[in-house]
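Novice: Can you look at this prediction? I've put the sequence above it.
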Amino acid sequence: MQSLQEIFDYIYENKAEKVLIPEGWSQGRAAYGGLVAAAASSSMISMLGDDAPPIRSFMGSFVAPASPGDCMLDARLVRQGKNVSQLASNVIANDKVCFQSMALFGANRDTKSVVPNFSFNPEPRDSVPPLVPNPMMPPFLSKFDCHWSGGGIPLSGSKDRRLGLWVRHRSDMSRYPVEKIISICDFPPPIMLSHYTKPVMVSSLSWSLEFLMPVQDIKSDWFYLDFNLDAAANGYSQQSGYVFTEDGQLCALSRQCMVYFE
């Protein structure tokens with residue numbers, strides 16, 4: 001099974017116009033959302049070129065499942081201002097849009113800095129053994145190193161409202177800093193799954209990311225993901241999270257709306 005590095009090598013070799021999603025990168029009937037979203041970002045980055053300013057926000061809608069195989073990437077420039085560029089991108093499978101996204105890229109501005117209000121209190125990475133994928137888990141999990149340190153275990157019946165994870169890529173994603181962090185940020189499963197003991201159907205509907213620092217400046221390979229279940233009712237759940245570098249820098253904020261079927 002191809003690594004993420006190999007997948008994105010292929011994308012850029014093909015001018016970021018298509019992505020080949022391998023079979024092992026599926027979970028259920030859909031491809032891993034972090035891969036699909038990161039592929040959409042590649043098409044926008046390619047359009048802006050080498051002088052692209054840092055990505056500041058990314059918003060995506062999971063319109064339909066993206067199946068393994070070739071998917072087309074269709075990016076367009078919505079507006080390019082002096083400091084901020086806005087782009088949109090679709091991921092298209094079997095002539096149908098399966099993922100729509102929009103991203104904002106903005107140059108740095110000279111302003112006063114404000115210290116963000118957050119606390120970095122992770123469970124030590126070595127306090128728990130690494131996650132060992134088994135045949136019941138999606139195969140692509142083997143492409144990540146993960147220490148599941150803070151609850152939210154799917155199908156545990158624990159009814160957790162929070163999870164904590166240490167995660168890094170097993171492959172070298174240094175050439176693709178935006179794709180590196182987008183594909184990491186989608187790693188946490190729906191926390192709502194920890195409220196069940198038998199499998200239920202779950203799927204992401206929408207996802208937004210805010211980047212608090214230029215991703216090109218992030219040198220960390222390990223990331224700590226601190227996510228919370230904010231609400232769940234009527235088959236929909238909302239969860240949000242902080243994404244930290246290994247040394248405790250808050251680098252991204254995540255928010256997702258998900259649907260679950262009992």
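Specialist: Received, thanks. Numbers count the residues shown, from 1 in each chain.
Novice: who's in contact with Ser240?
Specialist: Phe227, Asn228, Asp230, Leu253, Ser254, Arg255, Gln256 (CB atoms under 8 Å, 6 or more residues apart in numbering). C-beta coordinates here come from the backbone N, C-alpha and C atoms, glycine included.
Novice: contacting residues around the fifth one?
Specialist: Spelled out, it's Ser254. Residues counted as contacts of Ser254 (CB under 8 Å, 6+ apart) are Cys185, Trp207, Ser208, Leu209, Phe227, Ser240, Gly241, Tyr242, Val243.
Novice: Next, count neighbours for the third one.
Specialist: Meaning Ser208. Neighbours of Ser208 under the rule other CB atoms under 10 Å: 17.
Novice: Name the nearest residue to it, sequence neighbours excluded.
Specialist: Take Ser208 and drop its neighbours on the chain: the residue closest to it by CB to CB, 6 or more residues apart in numbering is Met59, 4.7 Å away.
Novice: One more: the last one?
Specialist: Leaving out its chain neighbours, the residue that sits closest to Val243 by CB to CB, 6+ apart is Ala252, at 4.0 Å.
Novice: so the one you found bridges to which residues?
Specialist: Phe211, Val243 (DSSP bridges).
Novice: isn't the residue nearest to Ser208 right next to Phe99, touching?
Specialist: No: Met59 lies out of contact with Phe99 (CB atoms under 8 Å); the separation is 11.3 Å.
Novice: what about those two, which has more around it?
Specialist: Between Met59 and Phe99, Phe99 has the larger neighbour count (other CB under 10 Å), namely 27 against 17.
Novice: hmm, which two among the contacts of Ser240 are most spread apart?
Specialist: Greatest spacing in those, by CB to CB: Asp230 and Leu253 (12.8 Å).
Novice: Just the element for Ser203, please.
Specialist: strand 201-211 (DSSP states H and E).
Novice: Let's see that strand as CSV, backbone CA atoms only.
Specialist: Only the C-alpha atoms of strand 201-211 are listed here, as CSV (Å, rounded to 0.1, in the frame of the first residue of the first chain):
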residue,chain,number,x,y,z
MET,A,201,-22.3,4.2,10.6
VAL,A,202,-20.5,7.5,10.9
SER,A,203,-19.4,10.1,8.3
SER,A,204,-18.0,13.6,8.2
LEU,A,205,-20.2,16.3,6.6
SER,A,206,-18.2,19.4,7.0
TRP,A,207,-14.8,20.4,8.3
SER,A,208,-12.9,23.6,8.9
LEU,A,209,-9.3,24.2,9.9
GLU,A,210,-7.7,27.4,11.1
PHE,A,211,-3.9,27.7,11.0
